[in-house]
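Peer 1: show me the folded form of this:
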Amino acid sequence: MTDKNHWRTLERFIEINTPWLTIIGEKLEDERQHILDYWRVEKADSLIILTIQNNQIILPNFSYRPGVQKATLDFPGGRLNQGLSHEIVASQILERELGISSSDIVSLTALNQVGWPINSSFSNQKLYGFVAEISPYPMINVERVAKTYSTTSEGINHLLKDLTCLQCRAVLWEWLAQR
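Peer 2: So this is what the prediction gives:
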C-alpha cells in the first residue's frame, strides 16, 4: 500500500472555479519521485433517496444527463448544501422532485454516516444515501412519477434492469444489504 505522505504537491498550475465545480491541475511527486501532471475536480457531495410508498419504490421523471447526453431513470437526488443537515436537504429534494411535503415523510433513514467516495482518483465528491418511507396518503402526483417498482425480489430485479446510474444502484444495494 502506498503511503500518502510520500506524495506531495509541487505546483498548482491551474484552478478553474465554476458554480458547479472546481477543476484543478497540479504537478505531483509520487513515492518514487516521479513528477506527474494530475487533474482533479472538487464538487459538492451528493445525496440520493430511495423513496418507498405502499411497498413501491417511486422514481421521479427521467432527467436529462449532459454527461451521457440522454435522459436517465434515477432516484431523487441532488447536491448537499453547506450548512444544512442531510435530512433537510433530503426533504427539499423530495419536495422538488416528487412534490412530497416533509409532513408526508414517515421516516427518513441514512444508509451511511460517512460518505462514499464516488471517484476518489479524480474527485473529492462523496455520496450519501437515504431511504424515505412515505405515508400511504396522499398519493404522489402521477405526473411526477416515471415508474414504480415493487419492493419484492421480482420488483427489485426489474428495477435493476432499468436503473443504470451507478450511484443509485449503490444506494439500492446498500438498502438491500441492511434490510
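Peer 1: need the strands for this protein, in chain order.
Peer 2: Across the chain, reading from the start of the chain, the strands by DSSP state E fall at 8-17, 21-29, 35-43, 46-53, 56-60, 63-65, 70-72, 77-79, 105-110, 116-117, 126-134, 145-150.
Peer 1: out of the ones you listed, flag the one nearest I93.
Peer 2: I93 lies closest, by CB to CB, to one member of the strands of the chain: strand 77-79, at 4.8 Å. (Glycine included, C-beta is placed from N, CA and C.)
Peer 1: which residues sit against the closest one?
Peer 2: Contacts made with strand 77-79 from outside it, assessed by CB atoms under 8 Å, 6 or more residues apart in numbering, are listed as 43-49, 89, 92-93, 96, 167-168.
Peer 1: highest neighbour count among those?
Peer 2: Counting neighbours by other CB atoms under 10 Å, I49 comes out on top of the contacts of strand 77-79 with 29 neighbours.
Peer 1: need the contact list for it.
Peer 2: 75-77, 90, 93-94, 129-132, 171.
Peer 1: for L127, see how far away it is.
Peer 2: I49 sits at a distance of 12 Å from L127 (criterion: CB to CB, to the nearest Å).
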